[in-house]
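1. Following is a predicted model, sequence given first.
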Amino acid sequence: MLFPNLRRALASFLLVATSVAAQKSTLKQLTASIGSNPTNYFGETKYAGLADTHGFVVLFPSAPGPGTTCWDVHSTGTLTHNSGGDSLGLANFVRYALSTYGGDAGKVFVTGTSSGAMMTNVLVGAYPDLFVSGAAFSGVPYGCFAGSSNWNSQCADGKLIKTAAAWGDEARAGYPGYNGTRPRLQLWHGTADTTLYYQNFVEANKQWPNVLGISFTKNNTNTPQSGYTQMVFGDGTQYVGYSAQGVGHTVPVHESAVLDWFGITGNT
């Protein structure tokens, strides 16, 4: 089944920062054996220029589903550490890149839009040992699409409501027994989104602070631009949300804010 409104899902999905100096290069499709990759993909990126400027490696996988538009964010395999689905293929892609290109395992980041944002939530939940930080634009909470179908209208329409503890348990179940450091996360969502409704942002703002053990602190209006509100949780170093007034699906990618959040640029 094709979901035309999610066609922008693939933009700027995986970033892997390295400790090596930037090198000018052209994008190429990776066909090497990277380990288990249940659903296969190929790569390209719009972050290539920024990678050259700031010295990081960027991986741009393409979703293998119908029309190559949407990731598997619903199956038990993809929602469980090292158990299968698209998430395992992506995790192994990153592991391959770290080994092959001399990447810094302490500087591995993930970002995505729409279905890519949904997968960003999945990866920071199921692979908190691999990703240091994430940034998701117009997605849904971890596990919100769980089920037998690759589309979940209850979740998409913002009708799947849970307590913070229940959402937190959902995410923690992605890697049972994990007690290490959790990835830092930045979420963006438009109030006028009618594809993945704004309530999903509300629910995610319950989930991740619960996982991180922090609570809401304050709002910063007109940040980073007019009509946007930055929602700060804890001291603002582990989790922040951006509510975009009147913006639909999807919130435009704010590359500079993402790179600042990852610590590739700025002082974060």
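-> Thanks, I have it.
2. what residues does stretch 143-159 touch?
-> By C-beta atoms under 8 Å, 6 or more residues apart in numbering, the surrounding residues in contact with stretch 143-159 are 1, 3, 65, 70, 72-74, 76, 79, 118, 125, 140, 160, 167, 170-171, 173-174, 195-200, 202-203. (Each C-beta comes from the backbone N, C-alpha and C, glycine too.)
3. Same question for it: list its buried residues.
-> Across stretch 143-159, burial judged by 16 or more other C-beta atoms under 10 Å covers 143-146, 150, 152, 155-156, 158.
4. Any idea which of the residues you listed the model trusts least?
-> Lowest pLDDT within the buried residues of stretch 143-159 is found at Asn150 (89).
5. Can you tell me the element that one falls in?
-> Element membership for Asn150, per DSSP states H and E: none, as it lies in no helix or strand.
6. heads up, I number from 868, so please use that
-> In the new numbering, first residue 868, that becomes Asn1017.
7. separation between it and Asn1087?
-> For Asn1017, the distance to Asn1087 (C-beta to C-beta, to the nearest Å) stands at 37 Å.
8. burial of Gly973, as a residue count?
-> Counted with other C-beta atoms under 10 Å, the neighbours of Gly973 add up to 8.
9. Quick check: PyMOL command selecting the buried ones in the contacts of stretch 1010-1026.
-> To isolate the buried ones among the contacts of stretch 1010-1026 in PyMOL, judged by 16+ other C-beta under 10 Å, type:
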select buried, resi 870+932+937+939+940+941+946+985+992+1007+1027+1034+1037+1038+1040+1041+1062+1063+1064+1065+1066+1067+1070
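10. What segments of this protein are helices?
-> Secondary structure of the chain (DSSP state H): helices at 915-921, 952-968, 982-993, 1020-1023, 1031-1039, 1066-1079, 1122-1129.
11. Count the neighbours of Gln1092 for me.
-> The criterion is other C-beta under 10 Å. On that basis, Gln1092 has 11 neighbouring residues.
12. low-confidence ranges in the chain?
-> Low-confidence segments of the chain, defined by pLDDT under 70: 868-913, 915, 932-936, 1134-1135.
13. show me where it has strands.
-> Applying DSSP state E to the chain gives strands spanning 881-885, 923-926, 970-980, 1000-1004, 1051-1057, 1083-1088, 1095-1100, 1106-1111.
14. and the last one, what other elements does it pack with?
-> In terms of contact count using 3 or more C-beta pairs under 8 Å, 6 or more residues apart in numbering; DSSP states H and E, strand 1106-1111 is assigned the packing partners strand 1051-1057, helix 1066-1079, strand 1095-1100.
15. quick one: that strand to chain centroid distance?
-> Centroid displacement of strand 1106-1111 relative to its chain, using C-alpha atoms, centre = their mean, to the nearest Å, is 14 Å.
16. that older thread, which one of the helices of the chain lies closest to Pro928?
-> Distance to Pro928, taken as C-beta to C-beta, is lowest for helix 952-968 among those, at 6.0 Å.
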